[in-house]
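# Would you be able to build a 3D model of this:
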Amino acid sequence: MATSRERSVPYEIPEDGSAPVRAGIPEHGRVPKYYWLKSRIAPLLDELGEGGVLPTERELALRYEVSRETVRQALRELLLEGRLRRSGRGTVVAGPKMEQPLALASYTEGVRKQGRTPGRTLIGLERHPCPPALARELAIGAGESVWHLERVLFADDERVGLESTYIAAARVPRLDRDFEPDSSFYAYLREEIGVRLGDADERLETVLATPREALLIGTPPGLPMLLIHRASRDEEGNPLERVRLLYRGDRFSFSVRLEG
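This is a model prediction of the structure:
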């Protein structure tokens, strides 16, 4: 049975079922100042709308009667959550996160479904002798040639991820001559090589970008990233590729349909 103290605490079901109850504020109401400020700034972002320019740190500090450091900490969290982004004009309200299905589909297809324009910039396409562990995954002999294709991923003009693909050179011997680096690799396999994907194993985890990855994607090194490890097979069940996909945690979410 609820106590009188419990009943005295205001309680509302969040309008958004994915939102935390009571905006994450405990019943005793004692929270760090930056978190209190963050909960006050959030409705302001809805008012400003995507691309709206946030008031300066000084203006926010005066409006809410807090220190500049408290403002900075609240804004850091909102930046990490993807609610805000930096731009030449200052800090602006970010658009909604892009949602990628956890399914065997290309990055191109997923981004286009969000109404965004996918793009890629080639970092490198190199041929190497395959090390033993990777060779076992690709079902080739150690030392056989393997391609390493590395590209930065874009949605519209925004850098959002980094893709690193390994595939046996024997399967795509003319990759360096026939493949357009800014196009879909899966479309190339299907249309030029006649290879279709069958299934894949994926593992998703949260990581921090390395200094090199952060530089390529254009994010702070401390920004959480969503990392997907993928081992895919063709329609005959033969190992096809090994992929490492790194997505910005502030710009992407992933979804999967579950059936009983």
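
# So what sits opposite Gly161 in the bridge?
Per DSSP bridges, the residues bridged to Gly161 are Leu153, Tyr247.

# Please name the residues that touch it.
Gly161 makes contact with Tyr107, Val152, Leu153, Ile217, Leu245, Leu246, Tyr247, Arg248, Phe252, according to C-beta atoms under 8 Å, 6 or more residues apart in numbering. No exception for glycine: its C-beta is placed from N, CA and C like everyone else's.

# Dump the residues you listed to TSV, plus neighbour count and distance to Glu126.
Listed next are the contacts of Gly161 as TSV, based on neighbours: other C-beta atoms under 10 Å; distance: C-beta to C-beta, whole Å:
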residue	neighbour count	distance to Glu126
Tyr107	23	21
Val152	19	16
Leu153	23	19
Ile217	20	20
Leu245	20	19
Leu246	22	19
Tyr247	23	23
Arg248	24	25
Phe252	19	27
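
# By pLDDT, give me the weakest of the residues you listed.
The weakest per-residue confidence within the contacts of Gly161 falls on Tyr107 (67).

# just to revisit the earlier point, nearest to Ala61, of the contacts of Gly161?
Nearest to Ala61 out of those is Arg248 (C-beta to C-beta; 28.4 Å).

# Touching, the closest one and Ala214? I think so.
No: applying C-beta atoms under 8 Å as the test, Arg248 and Ala214 come out as separate, 10.1 Å apart.

# Please enumerate the shared neighbours of these two.
The contact lists of Arg248 and Ala214 share Leu223, where a contact means C-beta under 8 Å, 6+ apart.

# Could you dump the contacts of Gly161 into JSON lines with distance to Ala94 added?
JSON lines is the format used below for those (distance: C-beta to C-beta, whole Å):
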{"residue": "Tyr107", "distance to Ala94": "20"}
{"residue": "Val152", "distance to Ala94": "19"}
{"residue": "Leu153", "distance to Ala94": "17"}
{"residue": "Ile217", "distance to Ala94": "16"}
{"residue": "Leu245", "distance to Ala94": "21"}
{"residue": "Leu246", "distance to Ala94": "19"}
{"residue": "Tyr247", "distance to Ala94": "15"}
{"residue": "Arg248", "distance to Ala94": "11"}
{"residue": "Phe252", "distance to Ala94": "12"}
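
# wait, which of those is closest to Phe179?
Phe179 has its nearest neighbour among the contacts of Gly161 in Tyr107, at 15.1 Å by C-beta to C-beta.

# Which strands or helices does the host helix or strand of Glu69 pack on?
Assigned by DSSP states H and E, Glu69 belongs to helix 68-80. Packing partners of helix 68-80 (3 or more C-beta pairs under 8 Å, 6 or more residues apart in numbering; DSSP states H and E): helix 33-48, helix 57-64, strand 84-87.

# mind putting those in CSV, distance to Glu180, mean pLDDT and mean neighbour count included?
Putting the helices and strands packed on helix 68-80 into CSV (distance: least, C-beta to C-beta, whole Å; pLDDT from 0 to 100; neighbours: other C-beta atoms under 10 Å) gives the following:
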stretch, distance to Glu180, mean pLDDT, mean neighbour count
helix 33-48, 39, 85, 16
helix 57-64, 44, 92, 15
strand 84-87, 29, 80, 15
